[in-house]
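S.K.: This is the structure alone, sequence omitted:
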């Protein structure tokens, strides 16, 4: 087993807690849950509504994945957290599904929670797998 590699992505979203953007070991890349903050303006107000926040979160995941040489096609599992599960689940799904072709959707769990950092409505983390021919 290889030693873990701790990635902090230049130009990535500003961490809202003490963590690495991603940690990699043996080709598995685990991304920390991303918030709907704008990496270019981290103190700006959050986008309004779960659809807009979902887009921003997915874009932030793309930033981190690009930073380690991957993209959404490498994602095998995602976990989503919603603070208003019953109200926002349908709108979240409608937006989320636009990021993947119907035949290439990662495994996913969606959980209702009481609160998220920075007052977000949604947070998503994921696990990606680096193809065996690639190295970090």
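M.R.: Nice, thanks for sending it over. These numbers were taken from a predicted model, which means no experiment stands behind them. Numbering: from 1, shown residues only.
S.K.: what comes up buried for stretch 32-46?
M.R.: 32-39, 46 (16 or more other C-beta atoms under 10 Å). Backbone N, C-alpha and C define where each C-beta goes, glycine included.
S.K.: Can you redo those as TSV, where the extra columns are pLDDT, secondary structure and distance to residue 86?
M.R.: TSV is the format used below for these (pLDDT from 0 to 100; DSSP: H, G, I helix; E, B strand; the rest coil; distance: C-beta to C-beta, whole Å):
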residue	pLDDT	secondary structure	distance to residue 86
32	97	strand	26
33	97	strand	21
34	97	strand	23
35	97	coil	21
36	97	coil	20
37	97	coil	25
38	95	strand	28
39	94	coil	30
46	96	coil	21
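S.K.: Can you show me the strands along the chain?
M.R.: 5-7, 22-25, 28-34, 75-82, 107-112, 122-129 (DSSP state E).
S.K.: Can you say which of those is nearest to residue 54?
M.R.: Judged by C-beta to C-beta, the one of the strands of the chain that comes nearest to residue 54 is strand 122-129, at 5.4 Å.
S.K.: Next, the buried residues of the closest one.
M.R.: Within strand 122-129, the residues that count as buried by 16+ other C-beta under 10 Å are 122-128.
S.K.: Stretch 81-88 now?
M.R.: Of all the residues in stretch 81-88, those buried under the rule 16+ other C-beta under 10 Å are 81-83, 88.
S.K.: Quick one: mean pLDDT over it.
M.R.: In this model, stretch 81-88 carries a mean pLDDT of 98.
S.K.: can you give me the offset of that stretch from its chain's centre?
M.R.: In terms of C-alpha atoms, centre = their mean, to the nearest Å, the centre of stretch 81-88 is found 17 Å from the chain centre.
S.K.: who touches that stretch?
M.R.: With contacts defined as C-beta atoms under 8 Å, 6 or more residues apart in numbering, stretch 81-88 is touched by 33, 50, 89, 92, 110-116, 120-124.
S.K.: cool, stretch 71-79 as well?
M.R.: With contacts defined as C-beta under 8 Å, 6+ apart, stretch 71-79 is touched by 29, 33, 58, 61-62, 65, 99-100, 104, 106-111, 124-131.
S.K.: Relative to residue 28, how far out is residue 112?
M.R.: 27 Å (C-beta to C-beta, to the nearest Å).
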